[in-house]
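1. Next input, structure requested:
(chains A and B)
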Amino acid sequence: MSLVTPERRTASPPHRIWNPQAECMETDLRRALQLELLREQVARMNRHCPYYAAKMQAAGIRPQEVQCLEDVARLPFTTKEDLRDHYPYGIFAVPLREVVRLHASTGTTGKPTVVGYTRQDMENWTEVVARFLVAGGLSDEDIVQIAFGYGLFTGGFGLHYGAERVGATVIPASSGNTERQIMILRDFGSTALVCTPTYAVYLAEALPRHGVDPSSLNLRVGFFGGEFWSEPIREKIQSLLGIVATDNYGLSEVVGPGVCGECLERRGMHIAEDHFLVEVVDPQTLAPLPDGETGEVVITTLTKQANPAIRYRTRDISRIVPGACACGRTTRRLARVTGRTDDMLIIRGVNVFPSQIEHVLLQFREAEPHYLLVVTREKGLDHLEVRVEVSQELFSDRMRRLWEIREALQQKIDNTLGVRAKLTLVEPGSLERFTGKAKRVLDLRNAPNGEQS
Amino acid sequence: MRVQQISIFLENRAGRLAAVARLLGDEGINIRALSLADTSDFGILRLIVDRPDAAQQALRREQFTYSTTDVVAVEIPDVPGGLAGVLEVLQDGGVNVEYMYAFVEKANDRAVVVFRFENLEGAASLLESAGVRVLTRAEVLSL
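-> Numbering: from 1, shown residues only, chains lettered A, B, ... in the order given. Model (predicted):
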């Protein structure tokens, strides 16, 4: 594939397509391919994943009964709880010796969800990330600064491999340390930025304070994901940094980033449909919804080997954008994710569930589970505070003892969440309750006084 | 010889100490001695009051987290070296002090120090055998 260096800051560069065969496949052909892959996947799960085989049996459906693509709706769902119940390797469909990589995402309780990748899975993951990077304007001439965390979180590594595959020069800057990010942006001449949209805004606003004029930088494109954002935020990032900002989406339970991403048209994220079958269902009835209607996103992996997932309920709310895209791709597009059907929080790209805190407190015999998660945003970074009411049993007249209890609780929370949280002990009755039911989350990130930069 | 102390958990924010003081004041409870240990987040208010049972009832009603502990109050000559002498007795006897706080009595030339010991009985008899005067409950409440 030959890639031409695009003009800097061109309003509408030509659409370049990484894998035209896959991304511009005729609809009939693609559906036939999806059906074939789905049937294979279902048969494989029935053989190798006892937890899913049991679900199929309970639902009274045999693998050979999947005759057309619409039959996917007859298959049982997979939930986060299913993955948790089979921690760590129970969801794997291959022996561990075939797994070359593990990642993990936060679970709803103390245990994370472990996901695996075979060599082929790594190859496919790299491929789907390369597709959305090229769709959003990346080429082998670019210098990509990846300011996502590297670690168990799939964000950093996913984007890293995809950008390398495209042939760009990759800088694994990792997250945080704004001063160093700015130094790299300026001195290394980064042309592409990868981070959360929140951090992009912060970085853009921090540049002038560090004496750097954003227009003096070589930045021209940005790939933002890991959290929900909006059109006004996109416009802010684009105008502050003078770049084209695209959205991408994915979750580690099905692969990580790469399920879909926007092209330069920026009207919905093209789904890698030869790897993922995406449905939108009514969150209450769980019935499939037609394209265009808003509901819960449900994803079936079509090629994932290590931990395939059939009808994984993402709890993310979105819709399929109807109609064809001007870019020439024939793949369906997923609109921005606008919310959740549960109370999950995303803190610096990491998923946090209030139930995780509850789980810690219940383990901690001395505490009663009255708590509140307070999320604020400071300097473009999310901050999580866990307020716990001090019960009679937890309290001690000795400061040292009380401090020890506090430290033990803090450590358990840190170990469970995978993101730093500040623990504050508060007086009983000081946390607001609504009609007897406690409020668990106070998200001030979008409140007028929540941004404290 | 044992004096009951009430310890109250307080968030470190404006008005919390005043809230406790007002609550006890409205109940007609008199504070005989107090100390406040605090961190940037929270504090422990320790009180000796004239009517501990009434104080506990009021604190419970207002949902404060509190505990009660027995402490020892000793009389110390209000002169330089007065405290050192008492602490040396404790050190020589191998007794650990969890925490302590002092107040000076206006009427007499003496100071009163309140001690929280892990082993209250042992510490109190050690002090008495060394000639340190341990105050009775009635004496403390009449201060």
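
2. Can you tell me the SS state at the residue in the stretch 301-450 of chain A positioned nearest to chain B?
-> Per C-beta to the nearest C-beta, A:D397 is where the stretch 301-450 of chain A lies closest to chain B, at 3.4 Å. Just so you know, the C-beta spots here come from the backbone N, C-alpha and C atoms, and that holds for glycine as well. Assigned with DSSP: H, G, I helix; E, B strand; the rest coil, A:D397 falls in the coil class.

3. residues contacting the closest residue to A:I61 other than its chain neighbours?
-> Nearest residue to A:I61, sequence neighbours excluded (C-beta to C-beta, 6 or more residues apart in numbering or on different chains): A:R74, at 5.4 Å. Counting by C-beta atoms under 8 Å, 6 or more residues apart in numbering or on different chains, A:R74 makes contact with A:A59, A:I61, A:E65, A:V66.

4. okay if I get these as CSV plus secondary structure, pLDDT and neighbour count?
-> CSV is the format used below for the contacts of A:R74 (DSSP: H, G, I helix; E, B strand; the rest coil; pLDDT from 0 to 100; neighbours: other C-beta atoms under 10 Å in any protein chain shown):
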residue, secondary structure, pLDDT, neighbour count
A:A59, helix, 94, 11
A:I61, coil, 95, 17
A:E65, helix, 95, 12
A:V66, coil, 96, 19
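
5. Considering these, which is situated nearest to chain B?
-> Of the contacts of A:R74, the one sitting nearest to chain B (C-beta to the nearest C-beta) turns out to be A:A59, at 49.6 Å.

6. what about A:I61, distance to A:L185?
-> Using C-beta to C-beta, to the nearest Å, A:I61 is found at 53 Å from A:L185.

7. Show me the beta-bridge partners of the residue nearest to B:T65 when sequence neighbours are not counted.
-> Nearest residue to B:T65 in three dimensions, chain neighbours excluded: B:F9, at 4.2 Å (C-beta to C-beta, 6+ apart). Per DSSP bridges, residues listed as beta-bridge partners of B:F9: B:I44.

8. What is the burial count for B:F9?
-> Using other C-beta atoms under 10 Å in any protein chain shown, B:F9 has 26 other residues around it.

9. which residues does it contact?
-> Listed by C-beta under 8 Å, 6+ apart, the contact set of B:F9 reads A:V390, A:F395, A:L402, A:L425, A:E427, B:F42, B:G43, B:I44, B:F64, B:T65, B:Y66.

10. Which of those residues fall in helices?
-> Of these, the ones assigned to helices by DSSP state H are A:L402.

11. how about JSON lines for the contacts of B:F9, with neighbour count added?
-> Formatted as JSON lines, the contacts of B:F9 follow (neighbours: other C-beta atoms under 10 Å in any protein chain shown):
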{"residue": "A:V390", "neighbour count": "25"}
{"residue": "A:F395", "neighbour count": "21"}
{"residue": "A:L402", "neighbour count": "22"}
{"residue": "A:L425", "neighbour count": "24"}
{"residue": "A:E427", "neighbour count": "20"}
{"residue": "B:F42", "neighbour count": "22"}
{"residue": "B:G43", "neighbour count": "20"}
{"residue": "B:I44", "neighbour count": "22"}
{"residue": "B:F64", "neighbour count": "23"}
{"residue": "B:T65", "neighbour count": "22"}
{"residue": "B:Y66", "neighbour count": "21"}
